[in-house]
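Peer 1: just coords:
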């Protein structure tokens with residue numbers, strides 16, 4: 001890392017800018033260059049084997065709409081992980097319009113509800129969901145055990161692997177996903193690729209050279225099937241009942257001041273290392289309510305209700321707290337009614353970006369800021385590098401790089417947002 005770039009605050013409006021900033025901040029010594037070369041050789045070797053196995057176990061021809069009666073999509077994660085997959089699933093549905101779609105969600109130990117809610121709110125109809133608490137394939141010595149329904153109705157013609165584990169360098173997980181596809185009697189299968197090397201230590205500072213951007217990586221899986229990705233489209237359905245519920249909640253919070261611009265704050269996140277300080281959010285809320293005359297509302301899950309209320313209390317109660325009170329569809333409708341969103345790098349950030357709402361994300365650099373930058377037109381990401389960048393630790397509370405991004409940086413972007421795009425504000 002270039003010492004001159006440490007602690008500098010970067011503000012990027014698109015994926016290319018983030019990549020350029022990250023590359024310009026690096027200094028690659030001899031040790032790093034050798035390690036990078038070793039990873040390239042390792043990945044070439046492993047992916048050659050994976051490609052050979054895919055050709056051996058599955059058909060190498062391109063499937064047509066007539067070929068596919070049952071299509072299974074395998075993914076891992078909860079809200080954000082599911083949101084970035086929606087354009088891919090929409091493109092698959094367009095290509096294989098006659099197929100019955102099954103989405104298998106490996107929650108990886110997290111909430112089983114959020115992923116399902118995201119897909120149920122999608123404009124793409126899903127015929128069946130299978131929610132799993134962990135991977136359905138486990139290894140016992142040299143044998144593999146598969147904990148998955150074995151009925152014929154669960155078999156598929158095409159298995160599309162959208163799991164992020166290959167992108168994280170988990171070769172064992174990729175092998176298990178291939179075994180699952182074979183177990184489901186898939187004739188065609190795609191998405192078995194290793195992008196990085198999952199070892200820590202001297203490899204930490206070069207992992208980002210290999211880990212791909214998740215929203216764009218999923219599109220590359222489509223390209224293996226000869227399908228053009230669908231981008232910059234609203235992935236969520238409109239629900240008038242949910243919208244009415246949100247409007248009623250806003251009326252109770254803001255009474256007769258509903259004509260003011262509405263800004264959403266997202267102070268929570270699944271990982272502690274992603275959380276911008278609570279008092280920083282409160283400072284932003286003060287600026288929004290006093291200087292920019294906006295209504296402010298915090299959102300999050302039920303476990304984040306106290307955190308969100310702390311933000312509202314910190315700004316003198318000049319706002320409302322809807323944490324734990326919204327379904328995912330209601331969150332979508334709230335965002336459609338809003339003028340902007342300030343968020344950590346977490347699920348609601350991806351929802352706001354996909355809805356083309358002016359969005360500011362304050363991102364932690366425990367891993368590369370390029371990993372989850374969305375395919376969006378009106379997203380700004382703030383981040384900085386320091387000695388703790390690229391440590392890949394999810395549980396670090398109040399990371400030092402986020403503390404360096406003081407509220408003034410966000411407030412400056414918000415001022416520009418209001419002055420330049422005021423005509424677009426509700």
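Peer 2: The structure has been received and is ready for your questions. Since the structure is predicted, the reported quantities are computational estimates derived from the model, not experimental observations.

Peer 1: report the buried residues of the longest helix anywhere in the chain.
Peer 2: Longest helix in the chain by number of residues (criterion: DSSP state H): helix 30-57. Neighbour counts over helix 30-57 (16 or more other CB atoms under 10 Å) mark 32, 35, 36, 39, 42, 43, 46, 47, 50, 54 as buried. In this view, the C-beta of every residue, glycine as well, is placed from N, C-alpha and C.

Peer 1: looking at these, which gets the smallest pLDDT?
Peer 2: Across the buried residues of helix 30-57, the bottom pLDDT score, 78, is held by residue 32.

Peer 1: thought that residue was touching residue 205?
Peer 2: Yes: using CB atoms under 8 Å, residue 32 makes contact with residue 205 at a distance of 6.3 Å.

Peer 1: which residues does the residue nearest to residue 39 when sequence neighbours are not counted contact?
Peer 2: The shortest distance from residue 39 to any non-neighbouring residue, by CB to CB, 6 or more residues apart in numbering, is to residue 197 (4.6 Å). Counting by CB atoms under 8 Å, 6 or more residues apart in numbering, residue 197 touches 39, 42, 43, 169, 203, 207, 210.

Peer 1: for residue 187, state which of those is nearest.
Peer 2: residue 43 (27.5 Å; CB to CB).

Peer 1: low-confidence regions, the stretch 101-250 of the chain specifically.
Peer 2: For the stretch 101-250 of the chain, applying pLDDT under 70 flags the ranges 150-152, 200-202.

Peer 1: that one: helices as residue ranges?
Peer 2: With DSSP state H, counting those that start in this stretch, the ranges of helices along the stretch 101-250 of the chain come out as 113-120, 171-183, 214-223, 240-254.

Peer 1: buried stuff in the second one?
Peer 2: In other words, helix 171-183. Quick answer for helix 171-183 (16+ other CB under 10 Å): 171, 173, 174, 175, 176, 177, 178, 179, 180, 181, 183.

Peer 1: so the second one makes contact with residue 166?
Peer 2: Yes: using CB under 8 Å, residue 173 makes contact with residue 166 at a distance of 7.2 Å.

Peer 1: the strands in the stretch 201-350 of the chain, which residues?
Peer 2: 262-266, 295-298, 320-321, 340-344 (DSSP state E, counting those that start in this stretch).

Peer 1: could you redo those strands as a markdown table and give each row mean neighbour count and mean pLDDT?
Peer 2: As requested, the strands of the stretch 201-350 of the chain are exported to a markdown table (neighbours: other CB atoms under 10 Å; pLDDT from 0 to 100):
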| stretch | mean neighbour count | mean pLDDT |
| --- | --- | --- |
| strand 262-266 | 27 | 96 |
| strand 295-298 | 26 | 96 |
| strand 320-321 | 22 | 95 |
| strand 340-344 | 27 | 96 |
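
Peer 1: need the ones you listed in a markdown table with distance to residue 403, can you?
Peer 2: Converted to a markdown table, the strands of the stretch 201-350 of the chain look like this (distance: least, CB to CB, whole Å):
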| stretch | distance to residue 403 |
| --- | --- |
| strand 262-266 | 18 |
| strand 295-298 | 20 |
| strand 320-321 | 24 |
| strand 340-344 | 13 |
